Every structure is written in C-alpha cells, then in structure tokens.
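In: Pasting a predicted model and its sequence here:
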Amino acid sequence: MILSYYVQINKLAGTEDVQLPRKMSEQASGYDLYAAVESDVVLSPGARALIPTGISLAMPDGLEAQIRPRSGLALKHGITCLNTPGTIDADYRGEIKVLLINLGEEPFAIARNERIAQMVFQAVPAVTLVEVEQLSDTERGAGGFGHTGK
Ligand SMILES: O=c1ccn([C@H]2C[C@H](O)[C@@H](COP(=O)(O)OP(=O)(O)OP(=O)(O)O)O2)c(=O)[nH]1
Ligand SMILES: [Mg+2]
C-alpha cells in the first residue's frame, strides 16, 4: 500500500527563479533540492557550508523529511551532507538548508539552481517511552559492535 500525504510548500521571497524540489523520475524516492545561493559558493577541500534552498514546508504530524546526499556529487566531487541524513521536523517552518562538505581534493562551486541534495519523506511512528526496572532477555543481550564476527 502506498501512503499518501499532502505537504505544503512555501517559496521564500527573492527565490522565485529557484526550482521547487523535484522528483527526477516517476518513482524516485527523493525530491532533488535546488541551491538558492545568491552567487556561487566555493567549497574548498575540507570546508563546509550551509546552503539555502529557498523553501519551507508544513508537513502533517507523523511525517519527517530526510535530507540526503546525491551519489553523483559524492562520487565525482566528494560533495556530501555532513549531518546525513539531515532531519526536518514536522513542526519546523524555517527555510530548509543543506549542510554540505567537500571531502574531495578540488574546490567545488555551488551555483544558484544547482541540485545539491535530495529530500525523502518518511513516516514517523508515535512512540511513548516507558521507563522500566529491567528489560526482557534476548539471545543477543548486550552484544554488539561486531560481537557476531567480522
Ligand atoms: O539538514 C538539515 C537539518 C535540520 N534542518 C532544520 C530542520 C530541523 O527541524 C531543524 C533542527 O534540526 P536538528 O534537530 O537536526 O538540529 P539540532 O541541532 O537538534 O537543532 P534544534 O535544537 O533546533 O532541534 O533544523 C535543516 O534545515 N537542514
Ligand atoms: Mg533537534
């Protein structure tokens, strides 16, 4: 079953020429996000920058958006999201921004209207944390971090 939601999107003033997030194929998971930088931002190797997208959202409760890197930028230029996946909360009404870092060897220029990342919507279950004195036993127990071998 395909869950379907309406998400409101608002373009910020001065970004009329910047593309709205777009799916590049019919069944793409992510909406590509476009840079709303005023002029080129050059990321030196190792540098990071917060890139505006010119949009804000209102999602229904129970939804979040994740900001993920684009694999092409990562493979060809070493450009990725530093806090991947970025979390956009349903109650956030500010501008969506993308924290990019250049892990490549060459400077990389980000131009206005360039596709810099992608946004994937996810359902968030309603969870209530219940504090208890003891947890149930399992075969794994506290084993982790490679406990089952290489
Ligand atoms: O890549 C990102 C990550 C976050 N945000 C915005 C939306 C999100 O709802 C808010 C807070 O993000 P997060 O919870 O990851 O950051 P925090 O450091 O915990 O800040 P806060 O104390 O505001 O929650 O910042 C973005 O625009 N882009
Ligand atoms: Mg937070």
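Out: Sure thing, it's come through. Note that the coordinates shown come from a computational prediction; the quantities given were computed from them, not determined experimentally. Ligands and ions are numbered 1, 2, ... in the order given.
In: Pairing partners for the nearest residue to K97 once chain neighbours are set aside in the sheet, please.
Out: Closest residue to K97 apart from its sequence neighbours, by CB to CB, 6 or more residues apart in numbering: L50 at 4.9 Å. Heads up, the C-betas are built off the backbone N, CA and C, glycines and all. Note on L50: beta-bridge partners by DSSP bridges are L99.
In: Please renumber the chain so that the first residue is 55 from this point on.
Out: Got it, the first residue is 55 from now on, which makes the last one we talked about L104.
In: okay, now whichever residue of the chain sits closest to ligand 1: neighbour count?
Out: Among the residues of the chain, G140 lies closest to ligand 1, at 2.3 Å counting by CB to the nearest ligand atom. Residues contacting G140 under the criterion other CB atoms under 10 Å number 18.
In: Could you give the number of residues near F175?
Out: Counted with other CB under 10 Å, the neighbours of F175 add up to 17.
In: Which element, helix or strand, includes it?
Out: strand 169-177 (DSSP states H and E).
In: returning to that earlier point: tell me the phi and psi of the residue of the chain closest to ligand 1?
Out: phi -70, psi 150 (degrees, to the nearest 10).
In: Chain neighbours aside, what residue packs nearest to it?
Out: Nearest residue to G140, sequence neighbours excluded (CB to CB, 6+ apart): I121, at 3.3 Å.
In: what separates the one you found from G84, distance-wise?
Out: Applying CB to CB, to the nearest Å, the value for I121 to G84 is 9 Å.
In: My guess is the residue nearest to G140 contacts P139. True?
Out: Yes - I121 lies in contact with P139 (CB atoms under 8 Å); the separation is 6.1 Å.
In: G195: neighbour count?
Out: Per other CB under 10 Å, the neighbour tally for G195 reads 9.
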